[in-house]
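Engineer: got a predicted structure plus its sequence, pasted below:
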Amino acid sequence: MTQTNNNMTVNPDLAMERAKCNFNVLEVTHIFDGGERNTLQRKKIEDVALNSGASKDALGEEHMSPKEKYENAVRKSCIYATMMKNELAELSGLESFGVSSPVIRRTADAFFKEVSPFLLHLGMFVPTIMGQCTPEQQSYWLPRALDMQIIGTYAQTELGHGTFIRGLETTATYDPETEEFVLHSPTLSSYKWWAGGLGKTVNYCIVVAQLYTKGECHGTHPFIVQIRDEDTHVPLPGIKVGEIGPKMGFNTADNGFLGFDHYRIPREHMLMKNAQVLKDGTYVKVARHGKLTYGTMVFVRVVLVNEVAFNLAKASTIAVRYSAIRRQSKPKPDEVEPQILDYVTQQHKLFIAIATAHALQLCSTWLWESFSAVLAQMKGGNTDTLPEFHALSSCLKAISTSDSAHLIEQCRHACGGHGYMISSGIPNLYNFVSATRTYEGDYTVLLLQTARFLVKAYEQAEAKKPLTPTVSYLAHAFSGSRATWDNSPDGIIRSFQALAAGKTAVCVTNMRKRMRAGLSQVDAWEMSTIQLVAAAEAHCRAVIADTYRKEIVRLTANSSPNVKVVMDQLTTLYLYYWALERTGDLLMFTSVSQKDLVDLQIAYEELLLKIRPNAVGLVDAFDLRDELLHSTLGSYDGRVYERLMEEALKSPMNKEPVSDAYSKYLRPMMKGKL
Ligand SMILES: CC(C)(COP(=O)(O)OP(=O)(O)OC[C@H]1O[C@@H](n2cnc3c(N)ncnc32)[C@H](O)[C@@H]1OP(=O)(O)O)[C@@H](O)C(=O)NCCC(=O)NCCSC(=O)CCCC(=O)O
Ligand SMILES: Cc1cc2nc3c(=O)[nH]c(=O)nc-3n(C[C@H](O)[C@H](O)[C@H](O)COP(=O)(O)OP(=O)(O)OC[C@H]3O[C@@H](n4cnc5c(N)ncnc54)[C@H](O)[C@@H]3O)c2cc1C
């Protein structure tokens, strides 16, 4: 594995772990990256972006004031953006993932311990221009945006509404006299709130507003809006903009608020790919599907699955390496204290994090390919596959972000007290990933979107109508008997599908019962939402398990024998783990017996021991350079205690032998003079 410093001294426990690893680490890196070519390309990009040292801070970011932190983040965003335009553009193969190339995102993480104030520019502003503009609009805006002549964000959420987009209050009223839209914020709750980079950084944004023309409201539509002068950066008249204040994370992202006072923009600034307002104010719907204006959100949900997989890989790298060097307790009095990685409970906390990072990474690539296929069909005017894809991307976004946040927190627990240090890197990872569970569609809300689709699919299965691929298992839901338990990987996946089908059936039955008892359809649905969320979650777990398994079998077809074995162990671990997490459900919906579950628990524990010797090799295979990890606990060389002390000594509190607080408060209080 290439490291920046080839002459480093490695902690002996880590060196021993690496000597013990019995598979070819680089082969697994290739699997995680989606092929050797991608690994080589990624490494080239990382070398160019990181070897110059431009990503480093003179003073640790955590010791800066909020203003200094922000300015430092802008400084580095500008360096990174310039690198992207020059050295990285050709290397990055942007066409493979649109503008949000995961390699570019991954490398950018070396520059930012939190997030870049430009995150929304490439993450949502540019994708909206690409997805919602007519070709003429695109040819005007896209080059300026890609060249960073203008910087933008995506301002949809308001103080009063985030989830319920149809409830947004900002208005865009067309004035045919001047051929302009008048943007207005009629209430406090209509103020835009949250958009990243809006507070101080951007000069343009996508604004989602209720469109009025000829006295009629046509629902929410996107507009491109200049909010600051392109030269002085001063907010334009009619614009009230600012930063929303400190948050749990994202503190370098200058999330902002924005209000409009009858602010005028040219008619052409409505993004008109899916709907148009003609000069005389006539509204023309172009798109065949009513929800295409939600396209940027769908795109970001797809991207997020990849992003959280990457962040989980980081947390598990930190926690596994640390667990290999940390020794604690003495279960056998005559032996040295064991590495904490030898405790089976520790393996239980950590190996599922490694397996989940793999599962989500492979699912994200598969999801991206499905998305590309849906986009290609839509180009030809066919939107038939969109509902299934919306259901799929919604649940995968919800479950991947939620599982990753939970497992990153579990990695923190696995690092004991030191995991609580900002310098461990884990708190920042957690703060970032826990936000992804909320933004771009809250967890519960998105699972309920998937549940809508599941219930419809169930009704189709009941009527013996054809089903789309991801829900085809529902056809077996009407056999009348419980699914047969079998502890092979395929058997477990079938059981997960049986859980999803069984839970959906319970929801449908309960809703029908409630409606027969007099509840309206809306109320019957509402009363069933706890179970509907559970059904959508079960569906998503079945999809992840199935995809992970199939992809690993495919990707290891030509791998060396030991790589095949270790990859198979990880997928099996994933399946056992989730089966054991759902024993109650399995007892309800499959033929599993108490003995089967006791046996499964034993098989799981034995699997942990088999994976144990390869644990460090597995996280090394994520190939995360130290610059990306930002961690005292997780560096490749394992100099944990030295780094913790070095970081502690950087604290400004240690600059003076006696704090000013002594003479100001402590001394007077102790001398009774306060
Ligand atoms: C919850 C919904 C989906 C509800 O939308 P709605 O118009 O009220 O629809 P409904 O009545 O529930 O359903 C009607 C129908 O519309 C369908 N639908 C809904 N969304 C889509 C879609 N994207 N593609 C395709 N179809 C979609 C639904 O499945 C329904 O279909 P059906 O009637 O069942 O056949 C929507 O409002 C929504 O997406 N809310 C989440 C808001 C969100 O994601 N905001 C993101 C803001 S930007 C951000 O957070 C940036 C983060 C920073 C960063 O990325 O770094
Ligand atoms: C760090 C961060 C960055 C963000 N960046 C941006 C940005 O750049 N641009 C932008 O436009 N927005 C942004 N957002 C806003 C984000 O998209 C919203 O916060 C998110 O969509 C959730 O909406 P909400 O805040 O209205 O939550 P709410 O909908 O108010 O959720 C509160 C609770 O109500 C529940 N709930 C709501 N509706 C239902 C329902 N129908 N059924 C059951 N339960 C329900 C939810 O599950 C949740 O438990 C950002 C948010 C964060 C945290």
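Structural biologist: Thanks, I have the structure now. Ligands and ions are numbered 1, 2, ... in the order given.
Engineer: roughly how far apart are Asp442 and Gly219?
Structural biologist: Taking C-beta to C-beta, to the nearest Å as the criterion, Asp442 is separated from Gly219 by 21 Å. Using the backbone N, CA and C atoms, a C-beta is placed for each residue, glycine as well.
Engineer: mind telling me what element the residue in the chain that ligand 2 sits nearest to is part of?
Structural biologist: Residue of the chain nearest ligand 2, by C-beta to the nearest ligand atom: Gly162 (2.4 Å). Taking DSSP states H and E as the criterion, Gly162 maps to no regular element, lying outside all helices and strands.
Engineer: now do the contacts for it.
Structural biologist: With contacts defined as C-beta atoms under 8 Å, 6 or more residues apart in numbering, Gly162 is in contact with 194, 442.
Engineer: equivalent analysis for Asn11, please.
Structural biologist: 325, 637-640.
Engineer: just Trp194 next, same as before
Structural biologist: If you count contacts by C-beta under 8 Å, 6+ apart, Trp194 has them with 157, 162, 244, 255-256, 439.
Engineer: what does Gln132 give?
Structural biologist: 206, 222, 271, 273-274, 293, 295-296.
Engineer: swap in 10 Å and give it another go.
Structural biologist: For Gln132, the set of contacting residues under the criterion of C-beta atoms under 10 Å, 6 or more residues apart in numbering consists of 138, 206, 221-224, 270-275, 292-293, 295-296.
Engineer: and stretch 58-65, C-alpha only, in PDB?
Structural biologist: The C-alpha trace of stretch 58-65 is given here as PDB (Å, rounded to 0.1, in the frame of the first residue of the first chain):
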ATOM      1  CA  ALA A  58      -0.900  25.500  10.000                       C
ATOM      2  CA  LEU A  59      -3.100  25.500  13.100                       C
ATOM      3  CA  GLY A  60      -5.600  22.700  13.800                       C
ATOM      4  CA  GLU A  61      -9.000  23.700  12.500                       C
ATOM      5  CA  GLU A  62     -10.500  22.800  15.900                       C
ATOM      6  CA  HIS A  63      -8.600  25.600  17.600                       C
ATOM      7  CA  MET A  64      -9.900  28.300  15.300                       C
ATOM      8  CA  SER A  65     -12.800  30.700  16.000                       C
END
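Engineer: buried stuff in it?
Structural biologist: With burial defined by 16 or more other C-beta atoms under 10 Å, the residues of stretch 58-65 counted as buried are 61-62, 64.
Engineer: same deal with stretch 371-380?
Structural biologist: Of the residues in stretch 371-380, those scored as buried under the neighbour-count criterion (16+ other C-beta under 10 Å) are 371, 374-375, 378.
Engineer: in helices, which of those fall?
Structural biologist: Among the buried residues of stretch 371-380, the subset assigned to helices under DSSP state H consists of 371, 374-375, 378.
Engineer: possible to save those residues as JSON lines with pLDDT?
Structural biologist: Shown next, in JSON lines, are these (pLDDT from 0 to 100):
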{"residue": "Phe371", "pLDDT": "95"}
{"residue": "Val374", "pLDDT": "93"}
{"residue": "Leu375", "pLDDT": "92"}
{"residue": "Met378", "pLDDT": "89"}
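Engineer: what about the contacts of Gln132, which one has the most neighbours?
Structural biologist: With neighbours defined as other C-beta atoms under 10 Å, the most crowded of the contacts of Gln132 is Pro222; it has 30 neighbours.
Engineer: residue contacts, that residue?
Structural biologist: Taking C-beta under 10 Å, 6+ apart as the contact definition, Pro222 lies against 128-129, 131-133, 154-156, 172, 206-209, 211, 269-275, 293-296.
Engineer: out of those residues, which are close to ligand 2?
Structural biologist: Here is what survives when those are matched to ligand 2 using C-beta under 6 Å from any ligand atom: 154-156.
Engineer: out of the buried residues of stretch 58-65, flag the one nearest to Lys76.
Structural biologist: Looking at those and their distance to Lys76, the nearest is Glu61, at 9.6 Å (C-beta to C-beta).
Engineer: my read: Gln226 touches His233, true?
Structural biologist: No - the criterion here is C-beta atoms under 10 Å, and Gln226 misses it with His233 at 11.4 Å.
Engineer: name the SS class of Gly259, please.
Structural biologist: When classified by DSSP: H, G, I helix; E, B strand; the rest coil, Gly259 comes out as strand.
Engineer: is it bridged to anything, and to what?
Structural biologist: Here Gly259 sits in beta bridges with Lys240, as judged by DSSP bridges.
Engineer: in the stretch 51-200 of the chain, which spans are helices?
Structural biologist: Across the stretch 51-200 of the chain, reading from the start of the chain, the helices by DSSP state H, counting those that start in this stretch fall at 66-83, 89-92, 102-108, 119-120, 126-132, 135-146.
Engineer: show me which residues of this protein sit near ligand 1.
Structural biologist: Proximity of the chain to ligand 1 is confined to 119-120, 123-124, 154, 156-157, 162-166, 196, 291, 294, 297-298, 300, 386-387, 390, 439-441, 445, 449, 452 under the rule C-beta under 6 Å from any ligand atom.
Engineer: just the buried residues of those.
Structural biologist: The neighbour-count test (16+ other C-beta under 10 Å) applied to the residues of the chain next to ligand 1 identifies 119-120, 123-124, 154, 156-157, 162, 165, 196, 294, 297-298, 300, 386-387, 390, 439-441, 449, 452 as buried.
Engineer: if you drop the residues flanking it in sequence, what lies closest to Trp193?
Structural biologist: On the basis of C-beta to C-beta, 6 or more residues apart in numbering, the spatially nearest residue to Trp193 that is not a chain neighbour turns out to be Leu159, at 4.7 Å.
Engineer: the one you found contacts Tyr191, correct?
Structural biologist: Yes - look at Leu159 against Tyr191 with C-beta under 10 Å: they come within range, at 5.0 Å.
Engineer: neighbour count: these two, which is higher?
Structural biologist: For Leu159 and Tyr191, the more surrounded residue by other C-beta under 10 Å is Tyr191, and the numbers stand at 21 against 18.
Engineer: quick one, what contacts that one?
Structural biologist: Contacts here follow C-beta under 10 Å, 6+ apart; on that basis Tyr191 touches 155, 158-160, 169-170, 185, 240-242, 244, 257-260.
Engineer: let's see 6 Å
Structural biologist: For Tyr191, the contacting residues are 159, 185, 257, 259, by C-beta atoms under 6 Å, 6 or more residues apart in numbering.
Engineer: how near is it to Thr170?
Structural biologist: Using C-beta to C-beta, one obtains 8 Å as the distance from Tyr191 to Thr170.
Engineer: same deal with Asn428?
Structural biologist: Computed with C-beta to C-beta, the distance linking Asn428 and Thr170 is 33 Å.
Engineer: can you check Asp442 too?
Structural biologist: Using C-beta to C-beta, one obtains 20 Å as the distance from Asp442 to Thr170.
Engineer: just give the nearest non-adjacent residue to Lys650, would you?
Structural biologist: The shortest distance from Lys650 to any residue other than its chain neighbours is 5.5 Å, reached at Gly60 (C-beta to C-beta, 6+ apart).
Engineer: and the one you found, its phi and psi?
Structural biologist: phi -60, psi 130 (degrees, to the nearest 10).
Engineer: isn't Thr170 up against Val208?
Structural biologist: No - Thr170 lies out of contact with Val208 (C-beta atoms under 6 Å); the separation is 7.5 Å.
Engineer: common neighbours of Tyr191 and Thr170, please.
Structural biologist: Overlap between the neighbourhoods of Tyr191 and Thr170 consists of Ser185, taking contacts as C-beta under 6 Å, 6+ apart.
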